[in-house]
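Trainee: What follows is a predicted structure for the sequence shown.
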Amino acid sequence: MVERQRTILLSLRQITEEVRAQVSFENKISLLVERIRATTGADCCSLYLTDALGQYLRLAATDGLSQAAVGKATLKLGEGLVGYVGLKQELLDLADAPSHPNFKYLPEVGEDEYCSFLGVPVVNLGKLSGVLVVQSRERLRFGELEESFMVTLAAQVASIIANYRAESSENAVKRYRGEHGSGGIAIAKAVVWQAGVSLDDLQILYSDDPQLQQELFHQCIFQLQTEMDRAALEMEEKQKKQAAFGYMSGYGRLLDDTSFQDEVDNEIVRRNLTAPSAIKVVVQQRLEQVNREDEQDKYFDLRDFAQVLVSRLLNTEQLHQTHQDSPIVLVSRSFPAAIVAQLSKERIAGFVAVDSGVSSHTAVLARDLGIPSVIGVQLDLNTVDGHDIIVNGQTAEVLVDPSPSVALEYGQLESQSREQADLYSKERFEKGVTLDGSRIFIELNAGLSHDAVAELPQQTDGIGLYRTEIAFMLSEGFPLEQTQYEWYVKLLRQYSKLPVTMRTLDVGGDKDLSYLPIREQNPALGWRGVRITLDQPQILKTQLHAMLRAHAECGNLQVMVPMVSRLEEAQAVRQIFDECFEELQQSLDRELAKPKFGLMLEVPSVVYLLEELAGLCDFFSIGSNDLISYLLAVDRNNPKVTRFYDPFHPAVVRCLGYLNRKSRELGREIVVCGEMAGSPLGALLLLSLGYERLSMNYSEMGRVRYLVRRVSLPELREVGERAVQGGSCEQIRSLYLTYAHSQGLDRIIELAEQSAK
Ligand code: PEP
Ligand code: MG
């Protein structure tokens, strides 16, 4: 045994050195499998590698199986023993492989004669890159020594594969990670928008005809105004009034700003400047007054606007005329609202922005309307124009010049998602009723998207979360009560037969208002949500007055409060809410039905305060995005730790199970409005734990409804009982994967998981 151990150790070193000495990757892996087979005394050794999306394992080298199967024999992750090792990322040592339930016979590889099987996952930085396998005719487990030999070699192989992938042209896709992403996948040509002339580079020039310069300037303003009006009208016709308002607000307000026009006129006359030079002078003075860090939206709007004007005046504006008829991915430093307004909206497949002002108007709109977008991507604008680009809003990744095989895989994913969407669309007016007849309420999370498609009210059981902060973000300053009333009454009327849950202003954290800049070391734990509105009660009172006035007309309002972490906060907001309601009844001199009042469960402290909180509210709503982040101490926008953000973490599952059980005991309704409610596997988990109300983005409603209508609640409840006992994310997740498989729902789950990879 000791002798054998020594031989194996020696071989390990030799194999590693010999393999590294090979130049080509193919030679490296061929030599590797040959040497491993010889050292272990096995009859066969093979290496399977993952494909670009990590969904399949393909035979890459073998000593013992058919050479004709190399590059062809493919197993899906989870399929066969190799797929099983890959999926579980666990070693499997079997004396009698064909008797294992996961065994799959692949006639083309010629493994009929082999009986024993030892497979180890090849993992690099937590990500599967392949599976290494030895097989023998003899019915005998390989044993500990071979296992540890294979595990050690697999670690070496992982780094060889990683190096190869980094270098190989097949994978020399330029991959960029952004700070924030939203929406699904877009694949198209990149069109870069940059102002033709940079303000900084513009030379100050003088003219002896100020009248002509003024005329040119006003003509340019007029022309832009007309274009914007036309674009706004087009959008209104498509029932996207709110969206139109969003696209226009930044530039529209500058175009209508007569003081800006007066200042430019003044500079032209007073200093004999040309129109572009006068614009530069005025805008630079204005930019100096704006704090670039704190007022990003305002800063970029002003700078982009000036560059559009100057470029037009110099006739060098280079809005690209290429690819005019096919969809494009618009890439720019920040999102230029005026340029977006000039393009046909149907043609914008995705957005990519270099600057990271996530609350800028178009970014908010893209997120809400479900346009794939990635923000805060460090890519060089000079190198991507006209190149193929893939935007994955789910992973906040951008791929430039993907190799044909990568493009093909993403393309398939995109078209499969579209096909799936068509399938869901057939049932869009059906109710969420499970196979056993239980009613599941599918509600909408909205900011602007409640306007996005016609007949949306007929497709939902209500608005489970209306994010009022989106409309606040699109305003120049805190909106007046009357303005807010108009927003709210419109929404309540639009969804008149349904409950509409409006959330009081939830800013701070990653949601900033340009007119309420908050700079903090640790914003997630800082001044946000109800903490702000209680410190500035006037904001809260104005908002509640506006909401309640709208309710007095329509009667379908529900109010809820975000980020509650202390009983005192809940008491204080409840008191203000009651007072506002009383004031309204007195001023109208009539009794009104009181809107339901809810509290969001997003901070772990409230899990232990449910009894007291129940005395203060009518319902609870779980903000699972924040709750999971805080429970697991994970910022899911931080690429180093996103993989630890997991709704299937045993602590999350138990917490969610408890929240549902307890709130029912307390006689309070409970909704989940975080993103897990809209993900197929997340929805299954919630249903299994007893949740009956799920609220999600409109792009996710179809697939959740489709899923709900194909599951049995009693069966799922059994799965839920096992899940709360589970000890690991993987173990719990696999319970739901198995259930989904039993109902023929694998495809939905797969597609959702793939695009999130
Ligand atoms: C949540 O935290 O799950 C939630 C719905 O709120 P937010 O708007 O912060 O995503
Ligand atoms: Mg939240």
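Mentor: Noted; the coordinates are in hand. Ligands and ions are numbered 1, 2, ... in the order given.

Trainee: Show me what the longest helix seen in the chain packs onto, helices and strands only.
Mentor: Criterion DSSP state H: the longest helix present in the chain is helix 210-237. Contact here means 3 or more Cβ pairs under 8 Å, 6 or more residues apart in numbering; DSSP states H and E; on that basis helix 210-237 packs against helix 241-255, helix 258-271, helix 275-289, helix 296-313, helix 337-342. C-betas here are computed from N, CA, C, even on glycine.

Trainee: Select, out of those helices, the one closest to ligand 1.
Mentor: helix 241-255 (17.4 Å; Cβ to the nearest ligand atom).

Trainee: What spatial separation is found between the closest residue to residue 386 other than its chain neighbours and ligand 2?
Mentor: Excluding its sequence neighbours, the residue lying closest to residue 386 (Cβ to Cβ, 6 or more residues apart in numbering) is residue 189, at 6.0 Å. Going from residue 189 to ligand 2 by Cβ to the ion, to the nearest Å gives 36 Å.

Trainee: Over to residue 189. Which of the three states is it?
Mentor: strand (DSSP: H, G, I helix; E, B strand; the rest coil).

Trainee: residues touching it, list them.
Mentor: With contact set as Cβ atoms under 8 Å, 6 or more residues apart in numbering, residue 189 has these partners: 323, 326, 328-329, 386-389.

Trainee: angle of the longest helix of the chain against helix 296-313?
Mentor: Using axes from the mean of the first three to the mean of the last three Cα atoms, to 10 degrees, the direction of helix 210-237 lies 120 degrees away from that of helix 296-313.

Trainee: Among the contacts of residue 189, which are located in strands?
Mentor: 328-329, 388-389 (DSSP state E).

Trainee: just the buried members of the residues you listed?
Mentor: 328-329, 388-389 (16 or more other Cβ atoms under 10 Å).

Trainee: need these in CSV with pLDDT and distance to ligand 2, can you?
Mentor: Converted to CSV, those look like this (pLDDT from 0 to 100; distance: Cβ to the ion, whole Å):
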residue, pLDDT, distance to ligand 2
328, 85, 33
329, 88, 29
388, 89, 36
389, 93, 31
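
Trainee: returning to what we had before: in a markdown table: the ones in strands among the contacts of residue 189, plus distance to ligand 1.
Mentor: As requested, these are arranged in a markdown table below (distance: Cβ to the nearest ligand atom, whole Å):
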| residue | distance to ligand 1 |
| --- | --- |
| 328 | 29 |
| 329 | 25 |
| 388 | 32 |
| 389 | 28 |
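
Trainee: Identify the farthest-apart pair in those.
Mentor: Greatest spatial distance in those: 328 and 388, 11.2 Å, computed using Cβ to Cβ.

Trainee: List the contacts of the closest residue to residue 642 other than its chain neighbours.
Mentor: With sequence-adjacent residues excluded and distances taken as Cβ to Cβ, 6+ apart, residue 642 is closest to residue 636, at 5.1 Å. For residue 636, the contact set (Cβ under 8 Å, 6+ apart) comprises 625, 629, 642, 645.

Trainee: Break the chain down into its domains, please.
Mentor: For the chain, the structural domains run 2-170, 174-193+319-404, 210-313, 438-724, going by automatic domain parsing.

Trainee: Which positions in this structure make contact with ligand 2?
Mentor: 602, 623, 626 (Cβ under 5 Å from the ion).

Trainee: The last one - how many residues pack around it?
Mentor: Okay, so that is residue 626. 22 (other Cβ atoms under 10 Å).

Trainee: now the helices: where do they sit in the stretch 651-757 of the chain?
Mentor: 680-688, 698-708, 713-723, 729-742, 746-755 (DSSP state H, counting those that start in this stretch).

Trainee: And the residue of the stretch 451-600 of the chain closest to ligand 2?
Mentor: residue 562 (5.8 Å; Cβ to the ion).

Trainee: Look up the residues forming beta bridges with the nearest residue to residue 677 once chain neighbours are set aside.
Mentor: Nearest non-adjacent residue to residue 677, counting by Cβ to Cβ, 6+ apart: residue 694, 4.0 Å away. Following DSSP bridges, residue 694 is listed with bridge partners residue 442, residue 672.

Trainee: which residues sit in contact with residue 694?
Mentor: 440-443, 464, 671-672, 677-678, 683, 686, 704.

Trainee: pLDDT (mean, whole number) over stretch 665-684?
Mentor: Mean per-residue pLDDT for stretch 665-684: 96.

Trainee: Buried residues, that stretch. List them.
Mentor: Neighbour count says stretch 665-684 has 668-684 buried, by 16+ other Cβ under 10 Å.

Trainee: lowest confidence element among the helices and strands of the chain?
Mentor: helix 337-342 (a mean of 48; mean pLDDT, DSSP states H and E).

Trainee: Residue 223 contacts residue 312, correct?
Mentor: Yes - in this structure, residue 223 is within contact of residue 312 by Cβ atoms under 8 Å, at 7.5 Å.

Trainee: Among these two, which residue is more densely surrounded?
Mentor: Regarding residue 223 and residue 312, a neighbour count based on other Cβ under 10 Å identifies residue 312 as having more, with 21 against 11.

Trainee: So for that one, what pLDDT did the model give?
Mentor: 75.

Trainee: so which helix or strand takes in the residue lying closest to residue 78 once chain neighbours are set aside?
Mentor: Spatial nearest neighbour of residue 78, chain neighbours left out: residue 87 (4.2 Å); criterion: Cβ to Cβ, 6+ apart. Mapping residue 87 onto the secondary structure by DSSP states H and E places it in helix 80-88.

Trainee: Please name the strands paired to the following helix or strand past that helix in the sheet, noting orientation.
Mentor: Downstream of helix 80-88, the first helix or strand assigned by DSSP H and E is strand 92-94. Within its sheet, and counting by DSSP bridges, strand 92-94 is paired with strand 116-124 (antiparallel).
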